[in-house]
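Peer 1: Return a 3D structure for these sequence lines:
(chains A and B)
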Amino acid sequence: MAKELKLMKGNEAFAEAAIRAGSDAYFGYPITPQSEVIEYLMAERPYDRTGMVVLQAESEVAAINMVYGAAASGKHCLTSSSSPGISLKQEGISYIAGAELPCVILNVVRGGPGLGTIQPSQADYFQATKGGGHGDYRLIVLAPASVQEMADFVKEGYELAFKYRTPVMILSDGVIGQMMEKVMMFEQMPRISDAEIAEKYPWATIGKPKSRERNIITSLALKSDEMERHNIHLQAKYKTIEEAEVRVERIRCDDAEYAFVAYGSSARICQKAIEIARAKGIKVGLMRPITLFPFPKKEVELMTQKVKGILSVEMSAGQMVEDVKLAVNGRVPVEHFGRFGGNIPTPDEIVKALEEKIIGG
Amino acid sequence: MEVQELQLTAKDFKSDQEVRWCPGCGDHAVLNAVQKAMAELGIAREQFAVISGIGCSSRFPYYMNTYAFHSIHGRAGAIASGVKTANPSLCVWQITGDGDALAIGGNHFIHEIRRNIDLNLILFNNEIYGLTKGQYSPTTKEGKITKSSPFGTVESPFKPGQLVIGSSGKFFARTLDTNIKHTTQIMIEAATFRGTSVVEVLQNCVIYADKIHAEITDKQFKNERQLFLEHGKPMIFGDNNDKGIILRGMHLEVVEIGKDGVTEADLLVHDAKSENPFIQMMLVNMGLPNFPVAFGVIRAVESATYDQKVERQIRDVQATTKIKCMDDLLRSGSTWEV
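Peer 2: A predicted model of the protein is given here:
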């Protein structure tokens, strides 16, 4: 299928992009607000279009372990869920990270904790960027702020996942998943053949002809020294990722005296807040982290040379603000503003918070 | 379970919450039946604990004027097991559906049954995921078109009764949302049975799987397609009570009474108390088009419950153990030198 402009929901764009990115398999389980992903995939018959498998598992736990299996055999595979379902997947994610396998995981975040609400939220930042599962591991975390990015990040996610042999999480939310926007859908990419897997991915478990080493996929090393070596290797990999893969967008930062730091749908709302603030004569800009891990530490630090204060805007009780504060390291005031529990901040509320917490404070 | 002389009515079990199921949803009927049944049990309201997982039916606790717990998707069985084993005096009811109990909760479902924890498990079977708006479930019939199977499912469905018997279950009953009287009666039988009592309720989802059980429940042919089992009674059904079930060789067979010399005496007599589940399993599996669907208590085999066995074990071990203090424990043998 050629490149084409479409009007789609974020969840549908992710699903269509999953087919076009040459995925071999999707494993999922329905949960609001992302059930459109599996529904779209089932209706599109990707097994006819490209041979891609779509399977409704019996639970999120089953789905992530199906991903573990497919990824181990060198296949391009993904899963999606929303917050409570992503919590269930954490065991599998930790094992996949430990075993160094590539996959893409979409979280269309809803309000928590617990069953919470089906309304949008960004309260899974800690879970996505600081671990979530057990052990010293990191995910590459991409935060889409548009339906376009819901599609593009599937392709980009695979590239990063295979480049670093690590799971990539797309941390979206109920707003981006459910809203409709135009999206330029990239052209169909071929699925990778078994011969190419054998050639490109020596780590994949695809049988052992004489030409191949024997592979055992595992995250276990009972000897402490061996496990420490594995951890040092993983940390070195994460350091490389931190140096090479930071992505950030700056909006109206050139003359800014104040800055918002916001990702995903909060970043979209901040753009409107900037217009309102600037109409009042407040020069404010936006730094939007696109990668949440690696977090744009240097970029935020650099910003402190120009701005007098920073407002971290999130649909949470204050999670990313901790990373902003670490990067700013006391150079300028940093405050958090958030609505949560499924509520979305208005641009006016954000401007008011900027005035009260940063400018007035 | 503490039994008191109490005069309660179904109304006493209704909460002040607005019932938010869709108009026409089968869940309303089950709620009414459970409230009626609870009023009959002579147990104080505060002695009930109603535990649900996630799904439409799992809104049940909000509507009950009892202690209740709206818990985690699939985990109601584990949570109910915890409630009952920690508080054996409570009368525990687990409210679950075909998704909650048999997909994500399948593991907990078979293990609570295997342990025979004394609780009542009401499984609303509408063969669809209603709450997430219409994807297929583990009981959806093969070929059924749903939101997540637009060209028909390719999966074989579970029959809940097979899982219950396969998990060494002691009690399995089946009822239907269109017959509140029967549902109420079955709920009472489930509640008075000691052990894990599983009641499958064939329930209609008016929005995403409407009329899913209509071939069984519709008035015009329900007498011909529903067989109500009672322990010790012959298996008779039909518009004129002229049909019955016999065992021929290793198979069940539908016969007409009075035809080819068949009399009532030839019919199978239902034995819910038989330890051997051979015929009970065939009754679980029985269905259209060649057979009626079996309702009522299919299996009810009294056996020690988990909490009885645990209590007994604690008593026995305390009586016979040589370890009476910390020093006894330290010298009890499980020590070694590294």
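
Peer 1: The spatially closest residue to residue A:32 that is not a sequence neighbour: what's it in contact with?
Peer 2: Nearest non-adjacent residue to residue A:32, counting by C-beta to C-beta, 6 or more residues apart in numbering or on different chains: residue A:118, 4.4 Å away. C-beta: built from backbone N, CA, C; applies to glycine. The neighbourhood of residue A:118, defined by C-beta atoms under 8 Å, 6 or more residues apart in numbering or on different chains, consists of A:32, A:33, A:82, A:110, A:111, A:174, A:342.

Peer 1: want to throw those into CSV with pLDDT and neighbour count?
Peer 2: Supplementary listing: the contacts of residue A:118 in CSV, determined by pLDDT from 0 to 100; neighbours: other C-beta atoms under 10 Å in any protein chain shown:
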residue, pLDDT, neighbour count
A:32, 95, 18
A:33, 97, 24
A:82, 98, 30
A:110, 98, 27
A:111, 97, 24
A:174, 96, 28
A:342, 95, 17
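
Peer 1: quick revisit: my read is the residue nearest to residue A:32 is in a helix, agree?
Peer 2: No: assigned with DSSP: H, G, I helix; E, B strand; the rest coil, residue A:118 falls outside any helix and is coil.

Peer 1: How many residues are close by the one residue in the stretch 151-300 of chain A that gets nearest to chain B?
Peer 2: With C-beta to the nearest C-beta as the measure, residue A:178 is the residue of the stretch 151-300 of chain A nearest to chain B, at 13.0 Å. Residue A:178 is flanked by 19 other residues according to other C-beta atoms under 10 Å in any protein chain shown.

Peer 1: Isn't it up against residue A:9?
Peer 2: Yes: between residue A:178 and residue A:9 there is a contact at 6.1 Å, judged by C-beta atoms under 8 Å.

Peer 1: Which residue comes closest to residue A:326 once chain neighbours are left out?
Peer 2: Closest residue to residue A:326 apart from its sequence neighbours, by C-beta to C-beta, 6+ apart: residue A:297 at 7.3 Å.

Peer 1: Around that neighbour, how many other residues sit close by?
Peer 2: Residues lying near residue A:297 (other C-beta under 10 Å) number 17.

Peer 1: Quick check: the gap between it and residue A:234.
Peer 2: Shown here: residue A:297 relative to residue A:234, a distance of 20 Å by C-beta to C-beta, to the nearest Å.

Peer 1: ok, now residue A:223?
Peer 2: Between residue A:223 and residue A:234 the computed distance is 16 Å (C-beta to C-beta).

Peer 1: for residue B:80, same thing?
Peer 2: Shown here: residue B:80 relative to residue A:234, a distance of 40 Å by C-beta to C-beta.

Peer 1: So for those two, which residue has more residues nearby?
Peer 2: It is residue B:80, of residue B:80 and residue A:234, that has more neighbours when counted by other C-beta under 10 Å, with 30 against 18.

Peer 1: surely that one meets residue B:118?
Peer 2: No: with contact defined as C-beta under 8 Å, residue B:80 does not count as touching residue B:118 (10.5 Å).

Peer 1: Can you give me every residue that contacts the residue of the stretch 151-300 of chain A closest to chain B?
Peer 2: A:9, A:10, A:11, A:33, A:120.

Peer 1: switch the cut-off to 6 Å
Peer 2: Neighbouring residues of residue A:178 by C-beta atoms under 6 Å, 6 or more residues apart in numbering or on different chains: residue A:33.

Peer 1: Looking at it now. What's its pLDDT?
Peer 2: The predicted local distance difference test score for residue A:178 is 97.

Peer 1: which SS state does the residue nearest to residue A:2 when sequence neighbours are not counted fall under?
Peer 2: Of all residues beyond its chain neighbours, the one nearest residue A:2 is residue A:187 (5.2 Å), with distances taken as C-beta to C-beta, 6+ apart. With three-state DSSP as the basis, residue A:187 sits in coil.

Peer 1: And for residue A:187, the neighbour number?
Peer 2: Neighbours of residue A:187 (other C-beta under 10 Å): 9.

Peer 1: quick one: it from residue B:109, how far?
Peer 2: Shown here: residue A:187 relative to residue B:109, a distance of 46 Å by C-beta to C-beta.

Peer 1: And residue B:176, by the same measure?
Peer 2: Separation of residue B:176 from residue B:109 (C-beta to C-beta) stands at 21 Å.

Peer 1: Among those two, which residue is more densely surrounded?
Peer 2: When residue B:176 and residue B:109 are compared for neighbours, residue B:109 comes out ahead with 29 against 25, by other C-beta under 10 Å.

Peer 1: SS state for residue B:200?
Peer 2: The three-state label for residue B:200, taken from three-state DSSP, comes out as strand.

Peer 1: Hmm, residue B:127 and it touching each other?
Peer 2: No: at 11.3 Å, residue B:200 and residue B:127 do not qualify as touching, with contact defined as C-beta atoms under 6 Å.

Peer 1: Under the pLDDT cut-off, which ranges of the chain? List them.
Peer 2: Looking at chain A here, since you left the chain open. Low-confidence segments of chain A, defined by pLDDT under 70, span residues A:361.

Peer 1: wait, chain B
Peer 2: Scanning chain B with the threshold set as pLDDT under 70 gives B:1-5.

Peer 1: how does it look with 80?
Peer 2: Along chain B, the parts satisfying pLDDT under 80 run over B:1-6, B:334-338.

Peer 1: so where do the helices sit in it?
Peer 2: With DSSP state H as the definition, chain B shows helices at residue ranges B:27-40, B:76-86, B:98-99, B:106-115, B:160-166, B:180-192, B:214-217, B:222-225, B:278-285, B:306-320, B:326-330.

Peer 1: what's the most buried one of the ones you listed?
Peer 2: Ranked by mean neighbour count under mean count of other C-beta atoms under 10 Å in any protein chain shown, these are led by helix B:98-99, which reaches a mean of 32.

Peer 1: ok, and what's touching that helix?
Peer 2: With C-beta under 6 Å, 6+ apart as the criterion, helix B:98-99 contacts B:55, B:125, B:129, B:137, B:139.

Peer 1: could you redo the last one with a cut-off of 10 Å?
Peer 2: A:29-30, A:58-59, B:53-58, B:73-74, B:105, B:123-132, B:135-140, B:157-158, B:160, B:200, B:203 (C-beta atoms under 10 Å, 6 or more residues apart in numbering or on different chains).

Peer 1: Format the helices of chain B as a markdown table; extra columns: distance to residue A:353.
Peer 2: Rendered in a markdown table, the data for the helices of chain B read as follows (distance: least, C-beta to C-beta, whole Å):
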| stretch | distance to residue A:353 |
| --- | --- |
| helix B:27-40 | 44 |
| helix B:76-86 | 40 |
| helix B:98-99 | 41 |
| helix B:106-115 | 45 |
| helix B:160-166 | 53 |
| helix B:180-192 | 54 |
| helix B:214-217 | 56 |
| helix B:222-225 | 63 |
| helix B:278-285 | 61 |
| helix B:306-320 | 55 |
| helix B:326-330 | 59 |
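
Peer 1: Identify whichever of the ones you listed lies nearest to residue A:355.
Peer 2: The stretch from these with the least distance to residue A:355 (C-beta to C-beta) is helix B:76-86; that distance is 47.1 Å.
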